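Quick one: sequence plus predicted model below, questions after.
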Amino acid sequence: MSASLAAGLSDEKLLAAVAGGDRQALRVLYERHAPWLTLRLARRCADADAVSDAVQDTFVVVWKSAARYQGGGAVGAWMWGIAIRRLIDALRRRPRREFHSSERIDVEPSAEEQVLLGVEHGDLAGALDRLSSELRAVVQATILDGLTSREASRLLGIPTGTVKTRAMRARIQLRKEMA
Amino acid sequence: MSPHVQSELLAAYAGGEIEGARAYSIEAHVVECADCQAAVARLVEPARMQRGWADIEDRLDTPRPAAIEAALGRLGVPGHLARLLAATPSLSVSWLGAVTVALAFAVIAAHESERGLLLFLCVAALLPLAGVAAAFGRGLDPVFEIAVAAPFSSVRLLLLRTAAVLPTTIALAGIAALTLPGVGWTAAAWLLPSLGLTVMSLALATYVAPSRAFGGVTAGWLAIVVFSAIDAGDRLAAFDSGAQVAFVVLALGGGIVLALRQDHLDLGRTL
């Protein structure tokens, strides 16, 4: 398939072409998805090499298992599920480095952003932001990234039991704030 | 679908300036919004993305290692060694298949008569030797030129291959021997001859071309076996206890010669 033809296709069509061994289709998928996957993984891991490895692994997995994509969800979400698990694998293989948990001072959100967030999350956004960074990291890993407690423990470098107790504490605090 | 995240907000996200719920909100949106994915793509260093794609292509182009190479790798054998060992003709599936068929026929013959048993012992004793000879062969080895040109002692490679071929073939012959009719120790009478013949051939290969060494030892030994079998009273004379002791001596002697003269074992020039 030519580059210009591939560039006009939907993710699902490209994935079907990848399943048929079309490398140009994989390239277009890479150009579409690798950048945001890289950024999103980088927010969860300070080791840039591990992030790059995980992104590459992801597309090698996509190449081999494109036929197994069932449809039903966004291709991006499917790829994210692969990428975050590849990152956890990459972290397991290499010596641990400092986990990226530095708390930056948020700039005051603009009025538009406030509205945007309000529409999407209601009070949840504020409640999430008021969680301690430890609890928020666990909520991010287990709820927003959809990891199991075990996977989250590997990603965050804390014991599985700690993941569970922090998730419970976060849930209690969120429920209290939303009530 | 939520409204598109503004480009300034995406830039701040890409720069790592956004934390918490606002970042989650952006991530939840970007995962399914093609426009924002394209906007993010413009914010990431292009060189890094290019390098990533080049690495992916490299990995897709790398051939998958053969099953035996992958198995050796898992056992802790370094990659280059695993490849050279896996390329050994006498470790290939076709070779091992041929060995199995030959042994099967020999076992069937051994069930028929004592002459058949003699045939089995000859086949079982010579198969490891043939496997090692094939590991030397220029005509059979797919990586012959590479192995000769590699900055890697060819002696070391041959001995490594021998070390890999011998146990494999001996294991197959051993399994076949278990299916022989009740003949006691005779079922294992090929083991010492096979070792002795192999070591002797290798020792001889330090003097003459390997093909001659293997051919000469095989022919000479077969002649002795046939000659000693003429006496109908003791057809298995070439495998009796005296012969077993002789093969132990030959194996030890051959091993010493091989150790002393290993520098003369040069497949590149002598073949």
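Received, thanks.

hang on, isn't B:L172 packed against B:L96?
Yes. Because the distance of 6.9 Å satisfies C-beta atoms under 8 Å, B:L172 is recorded as touching B:L96. Any C-beta I mention is one placed from the backbone N, CA and C, and that applies to glycine too.

Output the below-cut-off pLDDT ranges for chain B.
B:1-5, B:65, B:136-144, B:146-148, B:150, B:152, B:154, B:182-184, B:232-233, B:266-271 (pLDDT under 70).

Give me the domain ranges for it.
Chain B breaks down into these domains under automatic domain parsing: B:7-61, B:67-270.

Distance to chain A and mean neighbour count added to the ones you listed, as JSON lines?
As requested, the domains of chain B are exported to JSON lines (distance: least, C-beta to the nearest C-beta, whole Å; neighbours: other C-beta atoms under 10 Å in any protein chain shown):
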{"stretch": "domain B:7-61", "distance to chain A": "4", "mean neighbour count": "17"}
{"stretch": "domain B:67-270", "distance to chain A": "15", "mean neighbour count": "17"}
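
Let me know the next secondary structure element after the helix or strand of chain A with the lowest mean pLDDT.
In chain A, the helix or strand scored least confidently by mean pLDDT, DSSP states H and E is helix A:111-121, which has a mean of 48. Note on helix A:111-121: by DSSP states H and E, the next helix or strand toward the C-terminus is helix A:124-129.

close to chain B, is that next one?
Yes. With C-beta under 8 Å from any C-beta of the partner chain as the measure, helix A:124-129 is seen reaching chain B through A:L124, A:A125, A:G126, A:L128, A:D129.

from the chain's centre, how far out does that helix sit?
Remark: helix A:124-129 is offset 19 Å from the chain centroid, using C-alpha atoms, centre = their mean, to the nearest Å.

Other residues contacting the next helix or strand after that helix?
Following helix A:124-129 in sequence order, the next helix or strand is helix A:133-139 (DSSP H and E). Around helix A:133-139, the neighbours that count as contacts under C-beta atoms under 8 Å, 6 or more residues apart in numbering or on different chains are A:101, A:103, A:128-129, A:131, A:152, A:156, A:163, A:166-167, A:169-170, A:173-174, B:20.

which of the residues in helix A:133-139 are buried?
For helix A:133-139, a neighbour-count test (16 or more other C-beta atoms under 10 Å in any protein chain shown) marks A:L135, A:R136, A:A137, A:V138, A:V139 as buried.

Distance check, the fourth one against B:R22.
This means A:V138. Per C-beta to C-beta, to the nearest Å, A:V138 is found 18 Å from B:R22.

go on, A:Q56?
From A:Q56 across to B:R22, the span is 29 Å (C-beta to C-beta).

Scan the residues of helix A:124-129 next to chain B and report the most crowded one.
Highest neighbour count within the residues of helix A:124-129 next to chain B: A:L128, with 25 neighbours (other C-beta atoms under 10 Å in any protein chain shown).

show me the contacts for B:Q262.
By C-beta under 8 Å, 6+ apart, the contact list for B:Q262 reads B:V155, B:L159, B:T206.

Sticking with the first one, tell me its helix or strand.
Put plainly, it is B:V155. Under the criterion of DSSP H and E, B:V155 resides in helix B:154-178.
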